[in-house]
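[1] From the sequence below, what's the structure:
(one chain, ligands or ions: 1)
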Amino acid sequence: MIALTLDVDWAPDFAIDLAAQTLREHQVRATWFVTHRSPAVERLAAEQDLFELGIHPNFLPGSSHGSTPEAVLDACMAMVPEARSMRTHGLVQSTGIFDLVMARTPIRADVSLLLPRARHLTPHAWRRGGRSLTRLPYFWADDVEMESARPSWDVAPLLEAPGLKIFAFHPIHVALNSADFGPYERLKCEVESLRGATARHVEARAHHGPGTRSAFTEVVAHLRGAGRKIADLHDGPGTP
Ligand SMILES: [Zn+2]
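    A predicted model of the protein is given here:
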């Protein structure tokens, strides 16, 4: 079971379109955890066979989604009313947040538990107060790979590992082909807001050689014509 997810993280539209086009070309299903609405996000929403939209609530101080957990969840669900899955921005989580998610929203799957390169992962039913949330641990993230002691962009061995294999990419790191945070930090200094970055800005900063885009391309090529959305893993046979 391999699933590809993307944290939109306020990426510029051209970066969302770039990753979406690669997925489209290879007919690979994916789940996008959305932080805002934009024309590129509308294009994703229009392709329901291929793409699932989930929420990416930001519970950190200064969040543009709201100043309380309730306000953050309400804003995210207003943005993506059809969402049934989530990954929290910065992986902020607590029993209180999960209680609120289960009581206040139709979200039934959470993908906020990162266990890098862990094998034999399986979905887990988190049950409290008569409610249940399926927790789907994920095992690879582009930004965490960048910060690891020895980043490896050869994902082929991971694709063959046993168990649930959920990959997390960020459209801006796919566009930059990031292999470390240097180009991304320099880009952020150059532009007023990340969403305002243009393809020209990003191309000038893009990394050449193995990086996030080459890993993304490899996963997409492997999944050609297939891939699972988070909803497929949650609703499909064998899940709790
Ligand atoms: Zn995020």
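[2] residue ranges of the strands in the chain, please?
    2-7, 30-34, 51-55, 85-86, 109-110, 124-128, 131-135, 140-141, 165-169 (DSSP state E).
[3] Now that we have those, can you turn them into JSON lines and tack on distance to the ion and mean neighbour count?
    Quick note: C-beta positions are derived from backbone N, CA and C, even for glycine. Shown next, in JSON lines, are those (distance: least, Cβ to the ion, whole Å; neighbours: other Cβ atoms under 10 Å):
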{"stretch": "strand 2-7", "distance to the ion": "4", "mean neighbour count": "24"}
{"stretch": "strand 30-34", "distance to the ion": "7", "mean neighbour count": "27"}
{"stretch": "strand 51-55", "distance to the ion": "11", "mean neighbour count": "25"}
{"stretch": "strand 85-86", "distance to the ion": "11", "mean neighbour count": "26"}
{"stretch": "strand 109-110", "distance to the ion": "14", "mean neighbour count": "24"}
{"stretch": "strand 124-128", "distance to the ion": "21", "mean neighbour count": "13"}
{"stretch": "strand 131-135", "distance to the ion": "18", "mean neighbour count": "17"}
{"stretch": "strand 140-141", "distance to the ion": "10", "mean neighbour count": "22"}
{"stretch": "strand 165-169", "distance to the ion": "9", "mean neighbour count": "23"}
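[4] I'd like these as TSV, with mean pLDDT appended.
    What follows is the strands of the chain, written out as TSV (pLDDT from 0 to 100):
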stretch	mean pLDDT
strand 2-7	97
strand 30-34	98
strand 51-55	98
strand 85-86	98
strand 109-110	98
strand 124-128	95
strand 131-135	96
strand 140-141	98
strand 165-169	98
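[5] Minimum distance to residue 181: which of those has it?
    The closest of those to residue 181 is strand 140-141. By Cβ to Cβ, the value is 13.2 Å.
[6] Note down every partner strand of the closest one and its orientation.
    Strands flanking strand 140-141 in the sheet, each with its direction: strand 165-169 (parallel) (DSSP bridges).
[7] Which residue does this structure have closest to the ion?
    Proximity of the chain to the ion (Cβ to the ion) peaks at residue 89, 3.7 Å away.
[8] Got the confidence number for that residue?
    Here the pLDDT value assigned to residue 89 is 98.
[9] Tell me where the model's unsure across this protein.
    235-240 (pLDDT under 70).
[10] who in it is up against the ion?
    Contact residues, the chain versus the ion (Cβ under 5 Å from the ion): 7, 9, 89.
[11] how many neighbours does the second one have?
    Which is residue 9. Counted with other Cβ atoms under 10 Å, residues neighbouring residue 9 total 20.
[12] give the contact list for it.
    With contact taken as Cβ atoms under 8 Å, 6 or more residues apart in numbering, residue 9 is in contact with 35, 56, 89, 170-172, 194.
[13] beta partners of the closest residue to residue 95 other than its chain neighbours?
    Closest residue to residue 95 apart from its sequence neighbours, by Cβ to Cβ, 6 or more residues apart in numbering: residue 128 at 7.2 Å. Beta bridges link residue 128 to residue 131 when assigned by DSSP bridges.
[14] follow-up on the earlier one: isn't the residue of the chain closest to the ion up against residue 35?
    Yes - using Cβ atoms under 8 Å, residue 89 is in contact with residue 35, at 7.0 Å.
[15] burial count for the residue of the chain closest to the ion?
    23.
[16] what's near enough to touch it?
    Residue 89 neighbours (Cβ under 8 Å, 6+ apart): 7, 9, 35, 56-60, 63.
[17] Now do stretch 191-198: distance to the chain's middle.
    20 Å (Cα atoms, centre = their mean, to the nearest Å).
[18] Tell me which residues are up against it.
    9-15, 36, 38, 172, 187-188, 190, 201.
[19] which of those residues are buried?
    Among those, the ones that count as buried by 16 or more other Cβ atoms under 10 Å are 9-15, 38, 172, 187, 201.
[20] Before I go, just wanted to say thanks for your time.
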